[in-house]
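From the sequence below, what's the structure:
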Amino acid sequence: MTVHTTIGDSSELFWFRGTLVNVRLSWHAGEDRVSVVEHLMPYGKSPPLHIHRNEDQVFHVLEGEILIHIDGVETVARAGETVLAPKGVPHSFRVESREGARCLTITSGGDLEKMIREMGEPALNAELPPQVEPTPAMIAALRDACARNGIDIIGGPLT
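Numbering: from 1, shown residues only. Below is the predicted model of the structure:
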């Protein structure tokens, strides 16, 4: 299996914490405020353990394998599989496939998308950004942006 290293047919591209995010459908496009973002992520990528206060998070894996940790239970999601992380429940994930992974993340309410827009930067191209180790200042900024957008960081990334 080969995971694409770029995202084609771009809408709005952001570099966000070592990933490439393509906003396929913005939360403000419809009355139900559904957001669909495509994530391209390198091997080993894992966000901190967190809780969404206001919105469920749906992961639909397009390519690769992702270990998803939801409320203490771990499952591996592969291409074509969909997993729900309900609002109010601690969750995180880690990219398991050496080639990286690509998935759609679907939410309703705009919190996740707003946080990505706040913390991301416009991508200079449709490829993964250079990988950097987060500094304490970057971690604090992410924690603050998450809090402003209905997301509570409660732990570290999956190791």
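
Nearest to the spatial middle of the chain, which residue is it?
The chain has residue 39 as the residue nearest its centroid, 6.1 Å off, counting by Cα atoms, centre = their mean.

Which of the three states applies to residue 45?
Under DSSP: H, G, I helix; E, B strand; the rest coil, the three-state class of residue 45 is coil.

so what's it closest to, chain neighbours aside?
Excluding the flanking residues, the one nearest residue 45 by Cβ to Cβ, 6 or more residues apart in numbering is residue 95, at 4.6 Å. Using the backbone N, CA and C atoms, a C-beta is placed for each residue, glycine as well.

Check residue 28 too.
residue 110 (7.0 Å).

Near the one you found, how many other residues are there?
For residue 110, the number of neighbouring residues by other Cβ atoms under 10 Å comes to 19.

That one and residue 34 touch, don't they?
No. Judged on Cβ atoms under 8 Å, residue 110 makes no contact with residue 34 at a distance of 9.2 Å.

pLDDT weak spots in this structure?
1-10 (pLDDT under 70).

what ranges do the strands span in it?
Secondary structure of the chain (DSSP state E): strands at 12-16, 19-25, 34-41, 50-52, 57-63, 65-70, 73-78, 82-85, 91-95, 101-108, 121-122, 151-153.

hey, what's in contact with both of residue 110 and residue 34?
Between them, residue 110 and residue 34 share these contacting residues under Cβ atoms under 8 Å, 6 or more residues apart in numbering: residue 27.

Next up, the contacts around residue 118.
Applying Cβ under 8 Å, 6+ apart, the residues near residue 118 are 145, 148-149.

Where is the longest helix in the chain?
Counting by DSSP state H, the longest helix found in the chain is helix 136-148.

Next, the angle strand 12-16 makes with it.
Helix 136-148 and strand 12-16 are oriented at 130 degrees to each other (axes from the mean of the first three to the mean of the last three Cα atoms, to 10 degrees).
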